[in-house]
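1. With the input below, show me the fold.
(chains A, B, C, D, E and F)
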Amino acid sequence: MIENIAEITKDQLLGETQKMSGQNYRFVTTSCVDLGDGNLDVLYHFDKDAKLQNLRIKAKRGEEVPSISKIYLCAVLVENEMKELFGLNVTGMAIDYGGHMLLTPEALKNPQSKITIEQRGEK
Amino acid sequence: MIKTTIPFGPQHPVLPEPLHLKLVMEDEKIVEAIPAIGYVHRGLEKLAEVKDFHQNVFLVERICGICSVQHAMAYVQGIETMMNIEIPDRAKYLRVIWAELHRIHSHLLWLGLFADAFGFEALFMQCWRDREKVMDIMEATSGARVVVSVNVVGGTKRDISSEHLAEIIRVVDQVKEDMKNMENAFLNDYTVKHRTVGVGHLTKEQAYSLGAVGPMARASGVAQDLRTLGYAAYNDLCFDMVVETAGDCWARTAVRLKEVYECVRLIKAAIDKLPKGDFAVPVKGNPTGEVISRVEQPRGEVLYYIKGNGTKNLDRLRVRTPTFANIPTLLVMLPGSQLADVPVLLLTIDPCISCTER
Amino acid sequence: MFDFLGSVLKNVISKPATRMYPYETREAMDKARGALGEIEIEKCIFCGICATKCPSIAIKVDKAERSWEFNRLKCIVCNVCVEVCPVKCLHMDKAHLGPLLAVEKTKRNGPPKPAPAAKAAESTN
Amino acid sequence: MEGYVLALLALATLLPAFCAAICYVIKNRAVRNFVVVVNTLVLFFITWEFVRLLMGSNGSIRINEGSLPAHLGEVIKYLDVLLLGFIGYQGLKLKKPLIVALTLAQLVPVIFFEFFMGVHEPTAAFVIDYLSVVLILLISLVGPIIAIFAIGYMEEHEHHLHLAKTKQPAFFMVIIGFLGAMNALVMTNNLSWMYFFWEVTTLCSFLLIKHDENEISITNAVRALWMNLTGGVAFIAAIIIIYQVKGTLSVEDIAVAPVAGAFTGLFPIALGLLCIAGFTKSAQFPFQSWLLGAMVAPTPVSALLHSSTMVKAGVYLVVRIAPAFIGTILGDMVAIAGAFTFMAASAVAISQSNAKRVLAYSTIANLGLIICCAGIGNYVALAAAILLIVFHGVSKGLLFLCVGTIEQGIGSRNIEDMQGVMKIMPVTTIIMVIGMISMLLPPFGVLITKWLAIEAAVSMPLVLLLIVLGSACTVVFWSKWIGTVLTMSYKPKYAIENIPTSIKAALGILILAVFVVCVGIAPMYNALIDPQLKAFHLTDKIQLIGSQGGLWLTGGSNVAIGGFAVLAVFTIILALFIAIPYYLHKGKSADLRAPYLCGENIDSDLRGAEFMGPGEKPAGTLVRNYYLTGAFGEEKLTHVLNLIAGAIIMLMLGMVIR
Amino acid sequence: MGLMNTSRMKSPWIIHVNCTACNGCDIEVVAALTPMFDVERFGIVNVGNPKHADVMVVTGCVNPKTARVLKNIYDQMPEPKLVLAIGACGGTGGIFAECYNVLGGPDKVIPVDAYVPGCPPRPEAIIDGAVAALGLFEAKAKAMKEKAKKAAEKAKAEA
Amino acid sequence: MIDNLIISLIAIVGAPIIGGLLFGIDRRITARLQNRFGPPILQPFYDFFKLLGKESIAVNQIQMMYVLSHLFFAIAALLMLVLRQDLLMLMFIFAFSTISLIIGAMSVRSPYSKIGAQREIMQMLAYEPVLLLMVFGVYKVTGSFMIQSILDYPMPLIYSLPLVFFAFLYVLTIKLRKSPFDFSTSHHGHQELIKGLTTEFSGTQLALIELTHWYDLMILLGLIALFFAQPLWVGILIALGAYFLEMVIDNICARVTWPWMIKATWLIGVGTALVNIIGLYLRP
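-> Sure thing, here's the model as predicted:
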């Protein structure tokens, strides 16, 4: 359904992003999708002249994913958000809120991942 | 050298919404500004996974009260694409009319708050007085002033009667007339220019690489407006993009002011071409698959990533709102500016924190 | 510097734009959604559609007890319940309702099923 | 009668010298302290006696050369040469050719003048009039108090520096000796003797600034020395010219209103040179840097240099000779130079965060105002000048001592670090605040003199503008400092800090003095200053009288054209002071709220010093004062200001030459 | 009534606290201040500073972060004070009540005196709410006095 | 002596009443300028009494001292005005009043209050020279610093001091904290410094600060009236006119920044006053 989507591994991520940057793409955002059992899909959306170009990587919760904020500074917020809400361990962010950008330290960890809501239901 | 460190927000009268900044200053010159968010984070994206996709329309409208029409529009367009629903033409035009009315109200609101940020109380009052006219017509056509709830999957919830269409034309003309006075004050007044010209300057390259969207980007000369995608009825209405090149607060004011005129023109054109017929089609089945839907909000591009799983609940609803994309520009604009410019700069991105944090 | 002088002076000689609410109230708009009106409980069949469709879970329907409970402070005035009600026992008031001094739920008990003629009993808790 | 006066005179000058010698020779601390206290008491007594005698006399106490010991003049001549030789030796030792050159530039004329020209010494060797007594009051009251303060301070200071061998004997010797030299300087009527004492104070200040013997203090001491030596060169040049023109060295005869046509030739230049000598000594722009450099010395030294001695010698000289140039172009230029210094120093002070530097700039500014008043030279202006000498001396002495005490308490002299000092040292802080208020606000003396200065400066719009701008600047740096030290959060009980007795005594006496001179402004003015102004034979229509607990300007027909009832305002201040204990008592912790931090206060922190910052991490709030370094930065302004000031002085000399 | 009470009723200064609102109520609160509704007619001024305010106008539901802020602001307001909760979220959390980061309405954190229903309520409704809340001032002031009296007695007993 | 006492009493009691009413009218007219209905005329008094009845909370114990000092010195300045004393000293006493408030605001650890105080100091830096020059201009004309002599002077001062009057009007905007110069604290709450200077004052303290504002207003309007002292009622009318002008300016200007204000005031304010005074010198 989504046009222009490229599946890559997370090792390729920085290289591909660099390429995007070289081709004068604008960074739009990333979307993180929890597929259950700790599997995450991370989509990176780029835009040029109102055309979207997407990258998709697969990762596990807690896995290290390199930050692209050195290439696109504006990715800082969304990467912090992913780290906080999905437990994706993004490393090397330009500004690191230490996993407390949106939530207080007492709050539920990784609240948007699938497993949490089930735990919540049991409570 | 000891530097001044102060908190700015979350409870602060110039910010209608809670946003926190840690400001480090020398005298009043900002040397470091770190934004902190999280005061409006509700976890709405997760809630969307337990409500059904019809109810989600009301949920996404309440992501933000100021751009609720466009939020709902982006969402229903995404769902409609996923479910391959072809909505009636009249619904497309009605959506445009409401969206543009909403844009007028949002821009007038912003202009008022912006005037307030640089301490021009009378101008603020004037903007909000004129905005009330738009609010009234919104209430008359949709039943509510702010969260209008007109978009549903498959079309719109209501029709606009011909009397109301005439009323809309009358109101937008009046707003256009009132804008003339305010435009003079916003763009030419010496004291206002003192506060806006050259403040928070972003070059075209900076704006683009920081991912600025909407009027922020257009004020820096980045011609980027998703209405060019031609969703809803925008394809049929010839639409002019407002672009300024100065890249400072003044240019952003100018862009938004001129967009109001453009909105007025679009509304009148839409009413002119409004086709007869149904305004909604029945919806059957459940959405499945992935889709990305993008719409131009008053604040810029909003991106919806929707993943359906064939049930009435969605698998994932991801919203990237325009303010989310514009906040990084603050990291560049704030350092080096004066404390007095902080409210001006904060407002110049037209912050909608409830959008940002969902 | 004096670009706004004209507007300001025009304001001072013209009548204030203020609507003198609450001394003068304007008539509610035709389609205005003010607040969910009182349920016509005798018509209600306790099907529960309004409760399931309500986006903010403000309505609770208990089929067994034949009660319809409404949390006015949770209602988002979206009009969905009115639209989906199969027997049209719900309606939307044009005027808004006044403030509340405490969180209270409106609970309406329908007439017991075996005796449809019985009068609607009201209780507020 | 004369014998008694002579004895007093000897006591006033020689007792400090003698005590100084004892301090140096007997290196016992107890003895030293005893000597300092005795010296203080004797000086107090002498002062009192001088005032008493003067009141009983017909305007001045005169001591003719004949009644002095024979050959005193000769002795002073030789001492003069010896002194310059010593300074030259210091220059050689430090390998500073500039100092040696300047010394030679003085030594040669001195030898030539004193030994080969056959100078007639004036008959009246010492003339003690009201101006002298005002200065003696200041020197002999404030000076010894500072010495007493130094007893406690130096102990702590040396403890801090971990010195193996105490240097206090030398320190106290110079300090006390300094007072003797100052006393002699303000009493003598012989210009060449005055020159000798002048050079003694130069040397003393050099030794005191150098006291800590570290690199920076030596550099600054050398700077102080060469700048003052420059003044000395001007002084000796002036002496030679004056003797050539007037044939006398009697200050009395020089400082008279010029007869028509007399203000021509070389005489104005001589006066101009004397003024320049005064400028260097009182650190006027462009010679201000030595006084700022002097801040490296221990605080009692700064206090002494700023309040009662050294810098006051300069303004004393200018005020003393003022009648000779009143109403001339020289007077106008002196006024402009002084006013310019006032404005410039006040402006630069805005950008300073070092407390002692702020005080230093404030001193420079006030000295500028004194000189400016002397230059304006009408009745009101001279009254303002003399009053300001008194008020400034007392207040500034107090302030330096307070800063010194606080510096030892908190380990910093930066204004920003003084936030919350109220908690640690409440008594010192309150005393310091009163001291600062006395520099800035009515009804205290310094403001009254500023008021008089403005009212006097009506004849010169440029001077007035400079004073007005300068006084706006003073508001800035004082009020932000006062605000900073008064910052406090709720505390149920204030513990009184533990400070040495000598410091307590010094602060106590000085704060009392601040109040006394302000409350008693009218009687003081009537008793001491008005007679002096009358003696100057000024012909202004506008006069100043002290009555109704305040000062009033009167026009020709005894109608008040301006005035201020000091006592009335004091009543308000008193009422407020009474209110303090009431509110301290009334404040309860239940009524306490943390300051507003946008809702992000950290709960347990009632001071409001911390807030919850980004990433849920606590961050500290701190608000620094504004220093406007962009506009008033020291580095930026100093060069420009020095150039302008230099130009004004050049112009001053150039215009009188004609 | 008394002079003091009349004054209290005629001069309620408000502080507008946005907790976790969607902006809808906020813009309606601001709209109430503007010419069309002009609540300054009742002496209502938005002072934006808790230490000056008499009435706190809360919009939105509460999340853990804003709960902290809300409590803090409330504590900094001097007695007698009122809290007016605006909108569905201000009452119960509204449509967001089930979100993971939402604790509920402001009444979970501070005592709320009056609720204004609606999503968002019209400015007229907000005016109604404010007027209704003002009637509570007298009782609040009385409670404050009694509390002060009790505290004084307690202090006396301790001394 | 008795006369003076009676005049003082009338001034102390009457000034806040008139001042408060003027503030009420100000708020009403401001509302009308913004096309609003506005509060009742007596609104400032309601505010005042309400504030008196609030719980007394504080950040430290002696905040109240500074507020009292602010008030007392404003009253002292007013008394100097009505008793026709030295104009220059009046300015100094008036400055003392402001400095008390500044110190009071700085005495707490609140960042906004402190920054507000710093800005207020900057304002003083800007307007103080103009006020002093104004006094000086008055002296040049009347030959005396006493206010009595202005009243005795046969002609209104405005004829000789038109530019000084203009400079004073300029300063009036700063002193009344009207836009474009409402940096340190603002009459409406939407400012980057919350309430700036007065952020940490509440209840009775704030009420007394309001009261002092009323006195301040009366002093400033009194000073305007002095320019037209012959006859006095014309002066009063002009003073009210000037106040209306301030309201209009308040409503047609954005808030500028204080560095700009200092530059502009020193240039325009000091400049015009100086030009006027130099003109007086040149006049035979």
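2. Would you check that D:Gly375 makes contact with D:Phe340?
-> No - the pair D:Gly375 and D:Phe340 fails to qualify as a contact (CB atoms under 8 Å) at a distance of 10.9 Å. For the C-beta atoms, the positions are set from N, CA and C on the backbone; glycine is no exception.
3. So which of the two has more stuff around it?
-> D:Gly375 (29 against 25; other CB atoms under 10 Å in any protein chain shown).
4. Quick check: the gap between the more buried one and chain B.
-> Between D:Gly375 and chain B the distance is 36 Å, computed by CB to the nearest CB, to the nearest Å.
5. intersection of neighbour lists for D:Gly375 and D:Phe340?
-> By CB atoms under 8 Å, 6 or more residues apart in numbering or on different chains, D:Gly375 and D:Phe340 have no common neighbours.
6. and the residue in chain B positioned nearest to chain F, how many neighbours?
-> Closest to chain F within chain B is B:Gly119: 2.8 Å, counting by CB to the nearest CB. Burial measure for B:Gly119: 30 neighbouring residues, criterion other CB under 10 Å.
7. Can I take it that it is in a strand?
-> No - under the criterion used here (DSSP: H, G, I helix; E, B strand; the rest coil), B:Gly119 is coil, not part of a strand.
8. wait, isn't it in contact with F:Phe181?
-> No - contact criterion CB under 8 Å: B:Gly119 and F:Phe181 do not qualify, at 9.7 Å.
9. Could you pull out the residues contacting both of those two?
-> Contacts common to B:Gly119 and F:Phe181, judged by CB under 8 Å, 6+ apart, are F:Arg255.
10. Just the pLDDT for residue 3.
-> All of this is about chain A. For A:Glu3, the pLDDT comes out at 76.
11. Oops, wrong one, chain F.
-> 86.
12. do D:Lys493 as well
-> pLDDT, D:Lys493: 68.
13. ok, the residue of the stretch 101-250 of chain B found nearest chain D to D:Lys167 distance?
-> Chain D sits closest to B:Ala117 of the stretch 101-250 of chain B, with a gap of 16.2 Å, by CB to the nearest CB. Per CB to CB, to the nearest Å, B:Ala117 is found 61 Å from D:Lys167.
14. For those two, work out which one has more neighbours and name it.
-> Using other CB under 10 Å as the criterion, B:Ala117 and D:Lys167 rank with B:Ala117 on top: 27 against 14.
15. Pull the contacting residues for F:Thr198.
-> E:52, F:105, F:113, F:116, F:185, F:206, F:209.
16. and the first one, which of the three is it?
-> Local secondary structure at E:His52 is given as coil here, using three-state DSSP.
17. How about the contacts made by it?
-> So E:His52 contacts E:13, E:15, F:195, F:198, F:202, F:206 (CB under 8 Å, 6+ apart).
18. Out of those residues, which is nearest to B:Leu229?
-> Nearest to B:Leu229, judged by CB to CB, of these is E:Ile15 at 42.7 Å.
19. how much space between D:Asp594 and chain F?
-> One correction, residue D:594 is Ala, not Asp. 7 Å.
20. Does that residue touch D:Leu606 like I think?
-> Yes - if you go by CB under 8 Å, D:Ala594 and D:Leu606 touch, sitting 4.9 Å apart.
21. Quick check: mean pLDDT of whichever strand or helix holds F:Ser149?
-> Following DSSP states H and E, one finds F:Ser149 within helix F:147-152. Averaging pLDDT along helix F:147-152 yields 84.
22. Just checking, which helix or strand succeeds the lowest-mean-pLDDT helix or strand in chain F along the chain?
-> In chain F, no helix or strand scores lower on mean pLDDT, DSSP states H and E than helix F:147-152, which sits at a mean of 84. The element immediately downstream of helix F:147-152 (helix or strand, assigned by DSSP H and E) is helix F:162-175.
23. circling back to that earlier point, so D:Ala594 and D:Leu606 - more neighbours on which side?
-> D:Ala594 (26 against 17).
24. check contacts around that one.
-> D:Ala594 touches D:601, D:605-608, E:76, F:59, counting by CB under 8 Å, 6+ apart.
25. if we go to 7 Å?
-> D:601, D:605-606, D:608 (CB atoms under 7 Å, 6 or more residues apart in numbering or on different chains).
26. so where does it fall, helix or strand?
-> Counting by DSSP H and E, D:Ala594 is part of no helix or strand.
27. Next one: it, what pLDDT does it get?
-> 82.
28. likewise C:Pro116?
-> 45.
29. circling back: export the contacts of D:Ala594 as CSV, with columns for pLDDT, secondary structure and distance to chain E.
-> Converted to CSV, these look like this (pLDDT from 0 to 100; DSSP: H, G, I helix; E, B strand; the rest coil; distance: CB to the nearest CB, whole Å):
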residue, pLDDT, secondary structure, distance to chain E
D:Asn601, 81, strand, 5
D:Asp605, 70, coil, 11
D:Leu606, 72, coil, 11
D:Gly608, 71, coil, 10
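30. Mind picking the lowest-pLDDT entry from the contacts of F:Thr198?
-> F:Thr185 (79).
31. Apart from its chain neighbours, what residue comes closest to that one?
-> Spatially, and ignoring its direct neighbours in sequence, F:Thr185 is nearest to F:Gly196 (3.7 Å; CB to CB, 6 or more residues apart in numbering or on different chains).
32. try D:Thr428
-> D:Thr405 (5.0 Å).
33. and that neighbour, what is it in contact with?
-> By CB under 7 Å, 6+ apart, the neighbours of D:Thr405 are D:428, D:499, D:503.
34. if we go to 10 Å?
-> D:149, D:152-153, D:156, D:299, D:425, D:427-429, D:431-432, D:497, D:499-500, D:503-504, D:506-507 (CB atoms under 10 Å, 6 or more residues apart in numbering or on different chains).
35. what pLDDT does it get?
-> 87.
36. For it, what are phi and psi?
-> phi -60, psi -50 (degrees, to the nearest 10).
37. Run a quick neighbour tally on D:Leu179.
-> 30.
38. in the helix ranked longest in chain E, what counts as buried?
-> The longest helix of chain E (DSSP state H) is helix E:137-158. In terms of neighbour count (16 or more other CB atoms under 10 Å in any protein chain shown), helix E:137-158 has its buried residues at E:137-138, E:140-141, E:144.
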